[in-house]
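K.L.:
Just to be clear, the model below is a prediction. Sequence and coordinates:
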Amino acid sequence: VQLQASGGGLVQVGGSLRLSCAVSGSVFNLYNVGWYRQAPGKQRELVAEIIVGRIPTYADSVKGRFTISRDNVKNTVYLQMNSLKPEDTAVYYCNLVKRRLGGRDDYWGQGTQVTVSS
């Protein structure tokens with residue numbers, strides 16, 4: 001399984017970005033997908049995820065501003081980020097989870113930098 005993230009960049013406060021993550025090597029629509037982020041000096045945190053058969057869930061800090069979606073034809077997951085704040089600055093990673101008996105296997109994209117300037 002390979003994940004290729006793109007779409008990061010530099011944006012001003014209040015601006016928008018859309019991240020994309022193309023997935024190959026897997027039956028995409030069977031697995032949970034999500035976006036995480038890691039700011040300097042902080043732990044990686046879950047931003048948003050789509051669990052198969054359920055509505056998307058979001059971290060409290062991004063609710064109402066970010067939207068996660070997936071296209072099962074294009075094997076791509078997106079993160080639309082609006083009303084960006086300086087605290088959204090981080091490296092964003094896409095994630096795919098294959099659940100198995102007794103555990104899970106996580107697959108990660110390479111990360112894409114998002115910088116929000118004030």
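P.N.:
Received, thanks.
K.L.:
Just give me the residue right at the centre of this structure.
P.N.:
Nearest residue to the geometric centre of the chain (Cα atoms, centre = their mean): Trp35, 2.1 Å.
K.L.:
ok, that one touching Leu79?
P.N.:
Yes: Trp35 lies in contact with Leu79 (Cβ atoms under 8 Å); the separation is 4.7 Å. The C-beta positions use only the backbone N, C-alpha and C, and glycine is treated the same way.
K.L.:
so what sits against both of these two?
P.N.:
Residues touching both Trp35 and Leu79 (Cβ atoms under 8 Å, 6 or more residues apart in numbering): 19, 47-48, 68, 92, 94.
K.L.:
From the residues you listed, which land in strands?
P.N.:
Using DSSP state E, the subset of the shared contacts of Trp35 and Leu79 located in strands is 19, 47-48, 68, 92, 94.
K.L.:
Show residues contacting whichever helix or strand Val77 is part of.
P.N.:
Val77 belongs to strand 76-81 when assigned by DSSP states H and E. Residues outside strand 76-81 that contact it (Cβ under 8 Å, 6+ apart): 16-23, 33-35, 47-48, 50, 62, 65-71, 88, 92, 94, 114.
K.L.:
Repeat the analysis, applying 7 Å as the threshold.
P.N.:
Contact with strand 76-81 is made by 16-23, 33, 35, 48, 65-70, 88, 94, as judged by Cβ atoms under 7 Å, 6 or more residues apart in numbering.
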